[in-house]
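S.K.: Need a 3D model of the following:
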Amino acid sequence: MPPVTPLSIVADANIPFVAQAFGKIGTIETLDDKRINSGALSTADVLVCRATIKVNAHLLDGTSVKFVALAVSGTDRIDMDSLKLRKIGFAASVGANANSVAEYVIAVLLHFARRDNFSLADKSLGVIGAGHIGSRVAQKAAALGMRVILNDPPLEQTTGLEVYRPIEEIYCCDFITLHVPLNHSGPDATYHLLDDRFFGALEGAPVIINTSRGDVVDSTALEEAIKNGSAGGAALDVWEKEPTIETKLLEMVDIGTPHIAGFALDGRVRGMIWAFNAVCQYFNINHHLSEEEFLGDSTEDISIAGIGSTDFQELTANLVTEFYSVHHDDEVFRRIINLPVNERSSFFRELRKSYRNRREFDSAPVRLEGDQMIHAERLEQVGFKIKNQ
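M.R.: Below is the predicted model of the structure:
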């Protein structure tokens, strides 16, 4: 498309640095997602948003929007037919927060291991969905010594690789983690993928980890599975009908968080930059942003010397808590249980809106000492940046 100068841009105010970045290429109005409607977009060329609003005919009719840039990866609330019909360009930041989500899953695994005093090297992990996120989870979990089984029918069909196994082989795993899009129909439908039949087929009592979409898991079936022991526990970051959630299920799961697995600042900034660069490419604007402009490099070393152990899992767990405590997020989220029902949705949204600036594992160099150095390569595979001695 020929350059449009200056661009008129409406953006979700909760996207980090969005005004600072997009202000370089046009005039920008930042709004809370609940205030982004067709009226606000009436003269806009570009909409920059997250997956919290429905981009459909109702939103787009009567507007001048030419391009929609999604600063996250999930597209299940984007009506692609409406965009195509109106010849509106579109780009999603697919994979931008993949590493952030993968690190969340690693934090969850280490939380269970420390709480219940077991070695992850003795456990297996079933990964359902081996794309941007699932593949990273698999790599990090393997570095922890876990036996990993991948299930991804679309990838199996397109690649023919035997590394992707039938879902039945997942049933015997100690942990099962979900990284699939939400598809309501078709041969690869994922709506209620984990239902009564799935839980009834499990051969062990795996812990279920869901960071994909709430509707991938049938909440009622999960509740029953936890009750009868066919599921050994659960860690949920996503919920059916969120931001309205079923607090009964929250009380039953081991870890509950308000859809923040991918909310590390690094991933959110990455998504914003990918959206910015997509807009520039679409409108033939010669401008490019990099992560360093907003995140920079930390000069403060993190040292795990003096913790009294050279055990790899213990070292990793201590390092992870330097960057992120999933237990803290769980503790804060559980305050929702004691709130009146009519206040819970607002609380859920506010937790996401005001989420702290958590950083990814490689955002600061790690200094090892002595015998800890033997673990340097494996720690790098988990995602840490090891400083040379």
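S.K.: After the least confident helix or strand in the chain by mean pLDDT, heading C-terminal, what element do we hit next?
M.R.: Of all the helices and strands that make up the chain, strand 302-303 has the lowest average by mean pLDDT, DSSP states H and E, namely a mean of 64. Heading C-terminal from strand 302-303, the first helix or strand you meet, by DSSP states H and E, is helix 312-323.
S.K.: mean confidence for that next one?
M.R.: Averaging pLDDT along helix 312-323 yields 92.
S.K.: With stretch 219-233 instead?
M.R.: 97.
S.K.: And for stretch 252-261?
M.R.: pLDDT averaged over stretch 252-261 gives 97.
S.K.: which residues make contact with that stretch from outside it?
M.R.: 100-101, 104-105, 108, 111-112, 207, 211, 223, 226-227, 233-239, 242-243, 250, 326-327, 329-330, 333-334, 336, 348, 351-352, 355 (C-beta atoms under 8 Å, 6 or more residues apart in numbering). Heads up, the C-betas are built off the backbone N, CA and C, glycines and all.
S.K.: Which residue ranges make up the domains of the chain?
M.R.: By the record's domain assignment, the chain is partitioned as 7-96+264-293, 98-256, 302-386 (automatic domain parsing).
S.K.: could you dump the ones you listed to JSON lines with mean neighbour count?
M.R.: Shown next, in JSON lines, are these (neighbours: other C-beta atoms under 10 Å):
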{"stretch": "domain 7-96+264-293", "mean neighbour count": "18"}
{"stretch": "domain 98-256", "mean neighbour count": "19"}
{"stretch": "domain 302-386", "mean neighbour count": "16"}
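S.K.: comparing the ones you listed, which gets the lowest mean pLDDT score?
M.R.: domain 302-386 - the lowest mean pLDDT of the domains of the chain, at a mean of 89.
S.K.: how far does it sit from the chain's center?
M.R.: Distance, stretch centre to chain centre, for domain 302-386: 15 Å (C-alpha atoms, centre = their mean, to the nearest Å).
S.K.: who touches the residue nearest in space to the middle of the chain in this structure?
M.R.: The centroid of the chain falls nearest to Gly262 when counting by C-alpha atoms, centre = their mean (3.1 Å). Taking C-beta under 8 Å, 6+ apart, we find Gly262 in contact with Val72, Asn97, Ala98, Ser100, Val101, Tyr104, Thr211, Arg268.
S.K.: and those residues, which of them are in helices?
M.R.: Ala98, Ser100, Val101, Tyr104, Arg268 (DSSP state H).
S.K.: Quick check: closest non-adjacent residue to Tyr164.
M.R.: Glu156 (3.8 Å; C-beta to C-beta, 6 or more residues apart in numbering).
S.K.: Give the next helix or strand downstream of the helix or strand encompassing the one you found.
M.R.: Per DSSP H and E, Glu156 falls inside helix 153-159. Next in sequence after helix 153-159, counting helices and strands by DSSP H and E, comes strand 175-178.
S.K.: chain center to stretch 45-64: distance?
M.R.: 22 Å.
S.K.: end to end, how far does it reach?
M.R.: 6 Å (C-alpha to C-alpha, to the nearest Å).
S.K.: Convert the C-alpha atoms of stretch 80-100 to PDB, please.
M.R.: C-alpha atoms of stretch 80-100 as PDB (Å, rounded to 0.1, in the frame of the first residue of the first chain):
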ATOM      1  CA  MET A  80     -10.800 -12.900   9.400                       C
ATOM      2  CA  ASP A  81     -13.800 -12.900   7.000                       C
ATOM      3  CA  SER A  82     -14.800  -9.400   8.100                       C
ATOM      4  CA  LEU A  83     -11.200  -8.200   7.500                       C
ATOM      5  CA  LYS A  84     -11.000  -9.800   4.100                       C
ATOM      6  CA  LEU A  85     -14.400  -8.500   3.000                       C
ATOM      7  CA  ARG A  86     -13.300  -5.000   3.900                       C
ATOM      8  CA  LYS A  87      -9.800  -5.400   2.400                       C
ATOM      9  CA  ILE A  88      -8.300  -4.600   5.800                       C
ATOM     10  CA  GLY A  89      -4.700  -5.800   6.300                       C
ATOM     11  CA  PHE A  90      -3.900  -7.900   9.400                       C
ATOM     12  CA  ALA A  91      -0.900  -9.200  11.300                       C
ATOM     13  CA  ALA A  92      -0.500 -11.000  14.500                       C
ATOM     14  CA  SER A  93       2.600 -11.200  16.700                       C
ATOM     15  CA  VAL A  94       2.700 -15.000  16.500                       C
ATOM     16  CA  GLY A  95       5.300 -16.400  18.800                       C
ATOM     17  CA  ALA A  96       6.200 -13.100  20.400                       C
ATOM     18  CA  ASN A  97       5.400 -14.300  23.900                       C
ATOM     19  CA  ALA A  98       6.200 -18.000  23.300                       C
ATOM     20  CA  ASN A  99       9.300 -17.900  25.500                       C
ATOM     21  CA  SER A 100       7.500 -16.100  28.300                       C
END
